[in-house]
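Enquirer: give the three-dimensional model of this entry:
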Amino acid sequence: MSDTLQSLRQCILDARHASERVRVAALLSELQLDAKVQAQTGEQAIKLVERVRGQATPNLLEAFLAEYGLSTDEGIAMMCLAEALLRVPDSPTIDALIEDKIVPGRWGQHLNHSSSSLVNASTWALMLTGRLLSSTQAHGIVDTLRNAVKRLGEPAVRVIIAEAMKELGRQFVLGRDIEEALERSSVSREKGYTCSYDMLGEAARCEADARRYHLAYSDAVSALAPGCSGNSVRDNPGISVKLSALHPRFEYAQRQRALDELLGRVAALAQLARSAGMGFNIDAEESERLDLTLDVIEVLLSDQALAGWDGFGVVVQAYSLSASAVIDWLHCLAERQGRRIMVRLVKGAYWDTEIKRAQVLGLNSYPVFTRKASTDVSYLACAQKLLGLRETLYPQFATHNAHTVAAVMALAGAPADSFEFQRLHGMGEALYREASEQGGYRCRIYAPVGAHKDLLAYLVRRLLENGANSSFVNQVMDHQISATEVARDPLGELRPVADCPAHPAIVLPRDLYAPARLNSVGWDLSDRSSVDNLKQQMGPFMRHNWDFAGTAYKDLSGATQTVCNPAWPTEVVGKVCQASPTDLPPAIASALAAAGPWAALQVRDRAQILIRAADLYERHAGELIAIAAREAGKTLADGVAEVREAVDFLRYYASEAAQSDFSQPRGIFACISPWNFPLAIFTGQVSAALVMGNSVIAKPAEQTPLMALRATALLQEAGLPEGVLQCLPGEGSTIGSGLVASDQVGGVCFTGSTDTALHIHRTLAAHGNAAAALIAETGGLNAMLVDSTALPEQAVRDIMVSAFQSAGQRCSALRVLYLQREIKNRVLDMLFGAMDELCLGDPLELTTDVGPLIDEEALNDIEGYCTEQAARGRVLKRLSVPGKGFFAPPTVLEVDGIEEVEREIFGPVLHVAAYRAQDLSQVVGAINQRGYGLTLGLHSRVDARVEQVIDQARVGNVYVNRNQIGAVVGSQPFGGEGLSGTGPKAGGPHYLARFAHRTAPALASPGIVGSIVSAAQINDWAATTDNAEQPLDLVQVDQFLESVAPLLPANVVQVVGAIAANP
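Expert: Numbering: from 1, shown residues only. Sure thing, here's the model as predicted:
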């Protein structure tokens, strides 16, 4: 890459990370529109709107979007039907989906609103169908018709609705295959339009997907070739190609592999297109793929086999902060290659995804403009730039906005054939008919091709672009909005807010939780500069050896422990001096001495220490992520998430404590944390206990003491007084048991196995410490149910993450997958293909998806279990593993149901069972019967089923149409019930209450209330009686107390707890 091209690529990155204010200022500076052009544009735009409105009835799609936009429940219901119905194979689920979407709708309020008779007829049919399926009574003619239709039975309704959805699909999609699309496009071609065909489909999940898409593109080029009879590519049809559809790992983390395997495929398609004399456009995708997309474009345009060809095209998204810089780079590249590139300028189709992703990742800024006016002005600035570079770039303006069309016409001048307009199939015909008649401008139709079952993602993008209230397509159909308002100049909207152009409702990710607290800072591992920054911070610790066994730790009298890297077991990561039982008494004494002064501090002072600790965590993030990788085997993505969660715990609990009225600490808290979240859970436990005024003795997992000791050091650096927090690494059987057995401990916070939690519970009671609080979060046999309305690609993505991320070493990980039997084979085929794309290896490498298990003992347990299951013939899929390290292969086993899964297997092992739709309730019942209750996943488009599962399942967290691991602190409190935990949920508003006593008013007379024991005491007593094998359900009592505690004084809560526990 030349220095000039390299510097322009850096400009693209810089623009992506710039503030919105800086980019808007640059746009306003770049866009040079004199008063005459602005006036001409405004007048022309108003005329276009008026003429479009004055023409004949709009087409069905525009009429539909106007009547059933995203602002109506009915519109959303229709889209759900259109997206899901045609891929559902079984009649019971089809009937359930139709009833779910049609019955609740208020279709009558849309009747006769539309200017389209077909839309009105559809509304009438939907209204009748809704009444037919509803159990409520109708009257008069509707009742008569309802009964008449009812006699037809559900199969007739099924056919009617399915045909309606097919018709709606035909409005969005030109053809189910390229042959049908060519046949249907003949009418448009006769009107002078050319087409750019887009094969529907999203990112490939597996190699089979990529090959199928490649074949579809290749077949399309071959089918289009005979029609390429024009003298130039501009006169012939074209095709649009999505790079992520041609490779299952088209992402920055797999950059070299993707380039090696993808370039040949794309080059072959480009050469086919060149031979046919047609255009070949590389589609724009999410911003996270931009850098890699530009790599592909540069290599292809440097390919001598494509030299001299002007049919290569690129899509640029105007909503991107880097759009203008991308155009500069394309111009330089085209000029260097001595050729002309087609550039399709679009507003952008992934805006909501970009905003959400930046918020989820905790990025410093958004890669897109947050105001529509900014995007519109960006489009005009980019259009002006393209029109000034027509010697090297052939502009293709894709828009349905009358003001944008008028502005381009005013800016372009002559000749009219030096650029073209583009519109979507089914939309904008009236607008471009007017534009063509006025100036003879070329117009091309962007024509999606594909089966209706592949409609989802395209449909959602089109709706977000054109179904929103602010879109031109929506407003031009609404005659209550004046033509002047519809055709308003975005410059007039943007200039008054140029000093603060960010949308007021869209705060920066850092400020999502303001003013209560800051959001944690994240890293974008798809961004080159962000990855380089992370590597730089981690650099000093990639081979560092942490020494926690030196003279600074001479107070501990246990043996020296050597900590090794689970990915490279011979690599020593650090050394730790362990505690011995003789270290416990002085530690407890020190904690007791520190507890009083610490509790006497104001809550805000304790909270400030946590906030300072959060800042220190972020400052030392590179080191902490390196420890997570080298000590716990965490991938970089998991390490980043771990640090962010720990930081969020610190700031959230600091914020929550300031609002708490639980002012009596419990004294000493023992915090026993696990190895699978050695920083986040360790920090969450100790920070909650500390901020509520307790002193803490922390006992980290034996496998990960380095992280706990480094975190302890940072917390102490933040200002914790001596003795308030002590970390005692050591064996659970000695140090952990010794802490729990001490009558000086006022509470135990534990995360780990269910067996250990039950042992702690009984130990507290057996040693006369029944008043101590126990907060336990354990594991579970977590299930996911996927019915036939689910989108398989989405389900497979979430199954992969839920079952195999973190090598399955999460308490929330998916263990048992239930697939509705009609879709089982299809989903499993896709799942197995996606598994083949996983990369197992060193967690320090960005390319690694799955790291090692924590130690050899864990590996032996997994291997033994899988060997046993293989002997039973249950293994459906198993990957290979690296030669060194404690790596367990992601494995899929077939079972008949959760009843056959004897225990939690803490690793990348997924059990799969099939179920019938009508047996959903029994399946949930079987899951409940096992007694665990941590997480449950569900993929379904049927709201009634979702509600049914949520109501019936006895679990702490239900995840719908997403993966089932992870929970954002403060937004998604996390915890289980039954055998999976005591509650309250970590990261939630009730968590801190368990770390302190509520101040209670004094009673005039103690009476029976004053002598009653607490719920915890009764449960502890029950555990030591003859029913010790089946102790009372801690969750039912604790959750009930949790819900009523804020309303009652402590002594009344004790009475309620006693009655609940011992009726």
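Enquirer: buried residues, stretch 268-283. List them.
Expert: 269-274, 276-283 (16 or more other Cβ atoms under 10 Å). C-beta coordinates here come from the backbone N, C-alpha and C atoms, glycine included.
Enquirer: mind checking which of those are in strands?
Expert: For these, the ones inside strands are 279-282, with DSSP state E as the criterion.
Enquirer: what is the nearest of these to Ile102?
Expert: Relative to Ile102, the closest of these is Asn281; by Cβ to Cβ it sits at 38.8 Å.
Enquirer: taking the buried residues of stretch 268-283 together, which two end up most distant?
Expert: Maximum distance among the buried residues of stretch 268-283 (Cβ to Cβ): 20.8 Å, for Gly277 and Asp283.
Enquirer: which residue ranges make up each domain of the chain?
Expert: 3-46+182-345+362-449, 68-171, 580-774, 783-980, 1000-1061 (automatic domain parsing).
Enquirer: turn those domains into JSON lines, columns for distance to Leu525 and mean pLDDT.
Expert: Below are the domains of the chain laid out as JSON lines (distance: least, Cβ to Cβ, whole Å; pLDDT from 0 to 100):
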{"stretch": "domain 3-46+182-345+362-449", "distance to Leu525": "6", "mean pLDDT": "93"}
{"stretch": "domain 68-171", "distance to Leu525": "30", "mean pLDDT": "59"}
{"stretch": "domain 580-774", "distance to Leu525": "6", "mean pLDDT": "96"}
{"stretch": "domain 783-980", "distance to Leu525": "7", "mean pLDDT": "97"}
{"stretch": "domain 1000-1061", "distance to Leu525": "37", "mean pLDDT": "39"}
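Enquirer: pick the most buried one from the ones you listed.
Expert: domain 580-774 (a mean of 22; mean count of other Cβ atoms under 10 Å).
Enquirer: which elements pack onto the strand of greatest length in the chain?
Expert: When the chain is parsed with DSSP E, its longest strand is strand 568-577. Other elements packing on strand 568-577 under the criterion 3 or more Cβ pairs under 8 Å, 6 or more residues apart in numbering; DSSP states H and E are strand 546-548, strand 560-565, helix 621-632, helix 705-717.
Enquirer: in the first one, what's buried?
Expert: The neighbour-count criterion (16+ other Cβ under 10 Å) identifies 546, 548 as the buried residues of strand 546-548.
Enquirer: which outside residues touch that strand?
Expert: 563, 573-577, 627, 705-706, 709-710, 729 (Cβ atoms under 8 Å, 6 or more residues apart in numbering).
Enquirer: quickly run through the sheet partners of it, with directions.
Expert: Within its sheet, and counting by DSSP bridges, strand 546-548 is paired with strand 568-577 (parallel).
Enquirer: same question for the strand it pairs with, mean pLDDT?
Expert: For strand 568-577, mean pLDDT rounds to 97.
Enquirer: give me the next element, helix or strand, following it.
Expert: Sequence-wise, the next helix or strand downstream of strand 568-577 (DSSP states H and E) is helix 584-600.
Enquirer: contacts for the next helix or strand after that following helix?
Expert: Using DSSP H and E, the next helix or strand after helix 584-600 towards the C-terminus is helix 603-619. Helix 603-619 has contacts (Cβ under 8 Å, 6+ apart) with 518, 520-521, 598, 624, 643, 646-647, 650-651, 653-655, 657-658, 660, 683, 687, 690-691, 693, 711, 714-715, 717-720.
Enquirer: packing partners of the host helix or strand of Asp100?
Expert: In this assignment (DSSP H and E), Asp100 forms part of helix 91-102. For helix 91-102, the packing partners by 3+ Cβ pairs under 8 Å, 6+ apart come out as helix 73-84, helix 117-133, helix 154-172, helix 943-952.
Enquirer: tilt between the last one and helix 91-102?
Expert: Read that as helix 943-952. Per axes from the mean of the first three to the mean of the last three Cα atoms, to 10 degrees, the angle that helix 943-952 makes with helix 91-102 is 100 degrees.
Enquirer: can I get helix 943-952 in CSV, CA atoms only?
Expert: What follows is helix 943-952, C-alpha atoms only, in CSV (Å, rounded to 0.1, in the frame of the first residue of the first chain):
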residue,chain,number,x,y,z
ASP,A,943,-45.3,-14.0,22.0
ALA,A,944,-47.8,-16.3,23.7
ARG,A,945,-45.2,-19.0,23.8
VAL,A,946,-42.7,-16.6,25.3
GLU,A,947,-45.1,-15.6,28.0
GLN,A,948,-46.0,-19.2,28.7
VAL,A,949,-42.4,-20.2,29.2
ILE,A,950,-41.6,-17.2,31.3
ASP,A,951,-44.6,-17.9,33.5
GLN,A,952,-43.9,-21.6,33.9
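Enquirer: which other residues reach that helix?
Expert: So helix 943-952 is contacted by 96, 99-100, 785, 787, 920-921, 924-925, 928, 936, 938, 940, 958, 960 (Cβ under 8 Å, 6+ apart).
Enquirer: can we see that at 6 Å?
Expert: By Cβ atoms under 6 Å, 6 or more residues apart in numbering, the surrounding residues in contact with helix 943-952 are 100, 924, 938, 940, 958, 960.
Enquirer: and the fifth one, how far from Leu817?
Expert: To tie it back to what came earlier, the one meant is Val958. 15 Å (Cβ to Cβ, to the nearest Å).
Enquirer: what's the answer for the first one, then?
Expert: Relative to Leu817, Asp100 is positioned 23 Å away (Cβ to Cβ).
Enquirer: alright, I will stop here.
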